[in-house]
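J.: one predicted model, sequence on top.
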Amino acid sequence: MNPPLITYADVSKTFDGGRVVAVDNVSLDVAEGEFLAIVGGSGSGKTTLLRLANRLIEMDSGSITVEGEDVRSVDPISLRRRIGYVFQSGGLFPHLTVAGNIGITPKLLGTPATEISARVDELLDLVRLDRAQYRDRLPHELSGGQRQRVGVARALAAKPRIVLMDEPFGALDPLTRDALGDDFRELHKKLGLTTVMITHDMTEAILLADRIAVMGAGRLLAQGTPSKLSESDHAYVGELMRTPRRQAERLGALLPRDGAA
Amino acid sequence: MSIFTDPRWAEAWGHLPDYLGSHVRVSVAALALGLLVSLPLAILSRHRPVLRGALLGLASIVQTVPGLALLALFYPLLLALAALSLSWFGAGFSAFGFLPAVLALALYSMLPVLRNTITGLHGVDAAILEAAQGVGMTPRQSLFTVELPLALPVMMAGIRTAAVWVIGTATLSTPIGQTSLGNYIFAGLQTQNWVFVLFGCVAAAVLALAVDQLLALIERGLHNRSRLRAALGGIGIVALVAATLVPTMMRSQTSYIVGAKTFTEQYVLSALMAQRLKAAGLSATTREGLGSNVIFEALAAGDIDVYVDYSGTLWANQFHRTDIRPRQELVAELTTMLAKQNITLLGELGFENAYALVMPRKRAEQLGIRTIADLAPRAANLSIAGDYEFFSRPEWTALRRVYGLSFRGQRQMQPDFMYAAVASGEVDVIAGYTSDGLIAKYDLVALNDIRRAIPPYDAMVLLAPKRANDETLRKALTPLVGKIDIATMREANLRAAGNDATSSRDAVAQWLWEKVGKK
């Protein structure tokens, strides 16, 4: 395994003056080039854990290093500019065009306009959107899947080594979701990214990720490759891992093979 | 003569460049100041709920103060500040007209701008704000590239509301000495010149609509990212401001300003004095519709050069005297007191415009009332009406004390409506003015003040300190001193209260000069 690019060490975070414990003493490494999925129910602390990495939320205790640097010693603005972030349902700026949204981080970094324009075209190709057709559209003129593709392109615009994704495909229909997941997995490999993706869907995590971390009530319950997690003796983790298999078996029984009835 | 060929339309048009120019100037300055203060405050308060609540509360309170009162409050406030500044820094400023109007109107414009900017910024989706942070924006970049553009439509709606409010309310800045389209309305109401009232209202409405539509054009341009539309709107606003400012700029700054209070006689006399100054080769303009308290301070401060006041008003209101003196003694003492403020009493015009208790002649005869003393025992069954200031003036206190008057009810009315009201029996007695032409017209009688509760009210010409040694000015106005008797003034006032072409103040002033100038 490659050396870790992101390291969480004994990280805790509480809200409301300590009444709500969102992240409880979590330690976790993400290796360079790895695709890690963090799985958990609502309120399990997975989004908080993700946001501590680029300081959208500040931790209470513990330490986090990104690319070898303690995040507290780095300016949070420049930290965020070199980490891609894909928001749930896109988070696109409604008053900016597709090109404007994708080019925003390079623009903040002071990249010349012609260079940004070329980069936008390159990224549109990368996320499989037609340049001419989509460049000047506004977000409300796009479908949910197209919006999320733009969201991914925006996250990649400043050529980050790390991409953080907060339930990126959660709100999409199954077909779009499947296609987008596959496309992103391919990008991850092609660009040599280190990806941390949050999802509440274990099936999606198993299909896309190299490794899975399971969160519950702010604690890290288990982590490992899908096959290793299947052997977990933790009741909740075991249940999470069995569900996709059971569903697959039932589907196998219910659906005729090879489309022949 | 049809309403369209009425020469008063032409007179109204003649005033338009001056009135409209001043109106636009004060409105634009007030709106700009209001925006300059409100926008940063709204932005500053967007993450501070306590400050936000306080600001909105304060702006709402300002909004509940009637426009006229707010404008009037700024005058004494600035006067005090100007005096302070004079004693501390050796330099004062004019607390009259433009400055108090701009400050009051700017305050007035703040609520819609504050409220809509705060609401607009507050309404930006939290997920969008997170995204702005997530892509690496600083708080300032987030504000300017995301939050403000998204809040813009709501903010523009607030700015448009503020613009319409300011333009409408600016008509009320006439009484504190700021020329505006309100000059038409105030003068028209006083002299029953409905052409003027209508003209003033329509002009203000057209101006408000035009500005609103130009702002709407800018708003749509910004929203659709159409530079053309935004630019057209911007050019429209700039053109409007330029077009109305140029005539104002070109006006000579050295001209004499003749002040007038808010009633018919004052309009006629100020027009007469302005005509005499022009005849003497001086350039002169009138500043009309000034409040009774404002006008004296304006003269003392040199904001106006000359006006006509009444001995009793000065005695009781300016110098707070309650004792009653014989006429000659009073004038002598007034001259000394005015001289202390370097104000010159040029002379008395020859008539008196005192408050008098007035009732229909027939009714008075029926009841056997000839003097105020006769009225006193019957007052409990009668009602009285007065102008807006009468019941808070020392004369009313004196009348009640000296005669023991106590009426069944009292009402405040627009002076020109009082006479019709008493003639028709709607009220029984009014506090009218001895020089008012309507006394004769409605066959009314002024009751004798046998115990002399009301001081004498001789009309007198006052000159500003800076004009004390101005011989040309003195020479131009001296021919009026002692020449206007009560009958002539009543007739002039009656003419001015008429509702036709010969009733314009300039026409009446001309008539008055022909009548007295030859004496």
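T.: Sure thing, it's come through.
J.: so which strand or helix has residue B:99?
T.: Using DSSP states H and E, residue B:99 sits within helix B:98-122.
J.: elements contacting the helix or strand hosting residue B:20?
T.: Using DSSP H and E, residue B:20 maps to helix B:7-44. Here helix B:7-44 touches helix B:49-64, helix B:98-122, helix B:148-169, helix B:182-190, helix B:194-223, helix B:227-250, going by 3 or more CB pairs under 8 Å, 6 or more residues apart in numbering or on different chains; DSSP states H and E. To be clear about C-beta, it is placed using only N, CA and C from the backbone, and glycine gets the same treatment.
J.: ok and the second one relative to helix B:7-44, angle-wise?
T.: Spelled out, it's helix B:98-122. Put simply, helix B:98-122 runs at 50 degrees to helix B:7-44, going by axes from the mean of the first three to the mean of the last three CA atoms, to 10 degrees.
J.: check the longest one too.
T.: Comparing the axes of helix B:194-223 and helix B:7-44 via the same axes, to 10 degrees yields an angle of 40 degrees.
J.: can you tell me which residues contact the residue nearest to the spatial centre of chain B?
T.: Nearest to the mean C-alpha position of chain B, counting by CA atoms, centre = their mean, stands residue B:175 at 1.4 Å. By CB atoms under 8 Å, 6 or more residues apart in numbering or on different chains, residue B:175 lies in contact with B:68, B:71-72, B:186, B:262, B:289-291, B:294.
J.: pick the one among those closest to chain A.
T.: Minimum distance to chain A across the contacts of residue B:175 is 39.7 Å, recorded for residue B:71 (CB to the nearest CB).
J.: and the gap between that closest one and residue B:387?
T.: 19 Å (CB to CB, to the nearest Å).
J.: so for those two, which sits in the more crowded spot?
T.: Set residue B:71 next to residue B:387 and count neighbours by other CB atoms under 10 Å in any protein chain shown: residue B:71 wins out with 26 against 21.
J.: pretty sure that one sits in a helix.
T.: Yes. Residue B:71: assigned to a helix according to DSSP: H, G, I helix; E, B strand; the rest coil.
J.: was I right to think it contacts residue B:104?
T.: Yes. Counting by CB atoms under 8 Å, residue B:71 does reach residue B:104; the two are 4.6 Å apart.
J.: which neighbours do these two share?
T.: With CB under 8 Å, 6+ apart as the test, residue B:71 and residue B:104 both reach residue B:173.
J.: how about low-confidence regions in the chain?
T.: Picked chain A for this. Residues of chain A meeting the criterion pLDDT under 70: A:1-2, A:257-261.
J.: meant chain B actually
T.: Along chain B, the parts satisfying pLDDT under 70 run over B:1-5, B:90-95, B:190-192, B:225, B:244-254, B:499, B:501, B:518-519.
J.: show me it divided up by domain.
T.: The record's domain parsing of chain B by automatic domain parsing lists B:16-250, B:256-353+B:456-516, B:355-446.
J.: for residue A:69, grab phi and psi.
T.: phi -110, psi 140 (degrees, to the nearest 10).
J.: on that earlier part again, ok, and does the helix holding residue B:99 reach over to chain A?
T.: No. Helix B:98-122 is not in contact with chain A by CB under 8 Å from any CB of the partner chain; minimum separation 12.7 Å.
J.: so what does that helix touch, helix or strand wise?
T.: Judged by 3+ CB pairs under 8 Å, 6+ apart, the packing partners of helix B:98-122 are helix B:7-44, helix B:49-64, helix B:67-89, helix B:148-169.
J.: residues of that helix that come out buried?
T.: Residues of helix B:98-122 classed as buried: B:98-121 (neighbour count, 16 or more other CB atoms under 10 Å in any protein chain shown).
J.: ok, then the element right after it?
T.: Immediately after helix B:98-122, counting by DSSP H and E, sits helix B:126-134.
J.: report the buried residues of that following helix.
T.: B:128-134.
J.: phi and psi next, for the residue lying closest to residue B:136 once chain neighbours are set aside.
T.: Excluding the flanking residues, the one nearest residue B:136 by CB to CB, 6 or more residues apart in numbering or on different chains is residue A:81, at 3.4 Å. Backbone dihedrals for residue A:81, given as degrees, to the nearest 10, come out at phi -70, psi -20.
J.: what about residue A:81, how many residues nearby?
T.: 20.
J.: residue B:292: neighbouring residues, count only.
T.: Other residues close to residue B:292 by other CB under 10 Å number 18.
J.: please tell me how far it sits from residue B:78.
T.: Distance, residue B:292 to residue B:78, using CB to CB: 18 Å.
J.: ok, residue B:420 next?
T.: Residue B:420 sits 38 Å away from residue B:78, going by CB to CB.
J.: which one's more surrounded, these two?
T.: Shown here are residue B:420 and residue B:78; by other CB under 10 Å, residue B:78 has more neighbours (20 against 13).
J.: just checking, the more buried one touches residue B:101?
T.: No. Between residue B:78 and residue B:101 there is no contact, the gap being 10.3 Å when judged by CB under 8 Å.
J.: around chain B, pick out the residues from chain A.
T.: Contact residues (CB under 8 Å from any CB) of chain A with chain B: A:54, A:56, A:77-78, A:80-81, A:85, A:87-89, A:91-95, A:104-105, A:108-109, A:154.
J.: take those and keep only those in strands.
T.: residue A:85 (DSSP state E).
J.: spit out the contact partners of the nearest residue to residue B:211 once chain neighbours are set aside.
T.: Nearest residue to residue B:211, sequence neighbours excluded (CB to CB, 6+ apart): residue B:163, at 5.1 Å. Taking CB under 8 Å, 6+ apart, we find residue B:163 in contact with B:27, B:31, B:109, B:208, B:211-212, B:215.
J.: what about residue B:355, neighbour count?
T.: Residue B:355 has 26 neighbours, counted by other CB under 10 Å.
J.: ah, wrong one, I meant residue B:470
T.: Quick note: residue B:470 (other CB under 10 Å) scores 17 neighbours.
J.: over to it: give its phi and psi.
T.: With angles defined as degrees, to the nearest 10, residue B:470 sits at phi -90, psi 100.
J.: can you tell me the closest non-neighbouring residue to residue B:262?
T.: residue B:289 is the one closest to residue B:262 (CB to CB, 6+ apart), at 5.2 Å.
J.: repeat that for residue A:67.
T.: Closest residue in space to residue A:67, ignoring its immediate chain neighbours: residue A:5 at 6.0 Å, by CB to CB, 6+ apart.
J.: quick one: buried residues of the one helix or strand that neighbour maps to?
T.: For residue A:5, the element it lies in under DSSP H and E is strand A:4-15. Under the neighbour-count criterion of 16+ other CB under 10 Å, strand A:4-15 has A:4-8, A:11-14 buried.
J.: thank you kindly, that will do.
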